[in-house]
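S.K.: Mind folding the following:
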Amino acid sequence: MSENDLNKNSKPRLKEAYYENILPELAKTLGCSNKLEVPRLVKIVVNMGVGVATTDAKIAEKAAQELAMITGQKAKICRARKPISNFKLRKGLPIGCCVTLRKNMMYEFLDRLISIAIPRIRDFRGFSQNSFDGRGNYTFGLLEQNIFPEVNIDKVSRTQGMNISIHTSALTDEAARELLDAFGFPFRK
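M.R.: Numbers count the residues shown, from 1 in each chain. So this is what the prediction gives:
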């Protein structure tokens, strides 16, 4: 068996935990009669804004490579749609990169984020519970990419922050908070 065959047959740890433990508990807690009503993860979007890349395009390529290492999926370089003279920005210049994770890649990334990366943040007290958007989606920012073990600190030329959006099928923020709590997401008390 090749490595790809092993990866196709194995389920991510958080995905198994969701279907075996979290789904039945959330159904009881939220009073859902059907298991399809229970909130679930839809996608995770990771964005890295690289405004400095307007002067040097290699910075955006380097950021996209680091984002690909962190997420395990190739990053898309986002380009400016219209020129803004105050920011010395022309149409088509690279201004950031993004990755949209779904299915197994999403669960693997969330598992690495919760269990490995977030505990490496200095003086971390938890994420705010007020960052929900009203439709069950949660967005937060990280100040540096060095908290991920995939990034080689010696090869990092500049520290770069990122925004992470966790999209759920929950209709309310409370249901989404229950889902993320069940996954072990560290909220501030």
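
S.K.: Just the pLDDT for the spatially closest residue to L89 that is not a sequence neighbour.
M.R.: Nearest non-adjacent residue to L89, counting by Cβ to Cβ, 6 or more residues apart in numbering: A80, 5.2 Å away. Heads up, the C-betas are built off the backbone N, CA and C, glycines and all. As predicted, A80 sits at a pLDDT of 83.

S.K.: Now do the SS call for the residue most central in space within the chain.
M.R.: Closest residue to the average C-alpha location of the chain: I164 at 4.2 Å, with Cα atoms, centre = their mean. Under DSSP: H, G, I helix; E, B strand; the rest coil, the three-state class of I164 is strand.

S.K.: Does it touch Q145 like I think?
M.R.: No - the criterion here is Cβ atoms under 8 Å, and I164 misses it with Q145 at 11.5 Å.

S.K.: Overlap in contacts, these two.
M.R.: With contacts taken as Cβ atoms under 8 Å, 6 or more residues apart in numbering, I164 and Q145 have no neighbour in common.

S.K.: Now for A170, how many residues are close by?
M.R.: 25 (other Cβ atoms under 10 Å).

S.K.: go on, F187?
M.R.: F187 - counted by other Cβ under 10 Å - has 13 other residues nearby.

S.K.: Could I get the pLDDT score of it?
M.R.: pLDDT recorded at F187 is 89.

S.K.: beta partners for it?
M.R.: Assessed by DSSP bridges, F187 has beta-bridge partners F127.

S.K.: if I look at it, how far off is D173?
M.R.: Note on F187: its distance to D173, by Cβ to Cβ, to the nearest Å, is 12 Å.

S.K.: cool, and L67?
M.R.: 28 Å.

S.K.: Bridging across strands, which residues link to C98?
M.R.: Those that pair with C98 in a beta bridge, by DSSP bridges, are N47, K76.

S.K.: from memory it sits against I44, does it?
M.R.: No - under the contact definition of Cβ under 8 Å, C98 does not touch I44, with a separation of 11.1 Å.

S.K.: Start and end of stretch 164-184, how far apart?
M.R.: 16 Å (Cα to Cα, to the nearest Å).

S.K.: chain center to it, what's the gap?
M.R.: Relative to its chain's centre, stretch 164-184 lies at 13 Å (Cα atoms, centre = their mean, to the nearest Å).

S.K.: And for it, what's in contact with it?
M.R.: Contacts for stretch 164-184 (Cβ under 8 Å, 6+ apart): 14, 17-18, 22, 25-26, 29-30, 39-47, 110, 113-115, 129, 132-142, 187.

S.K.: swap in stretch 40-49?
M.R.: 18, 63-64, 66-67, 70-71, 75, 95-102, 106-107, 109-110, 145, 160-169, 179.

S.K.: 6 Å - rerun?
M.R.: By Cβ atoms under 6 Å, 6 or more residues apart in numbering, the residues outside stretch 40-49 that reach it are 63, 67, 71, 96-102, 106, 160, 162-169.
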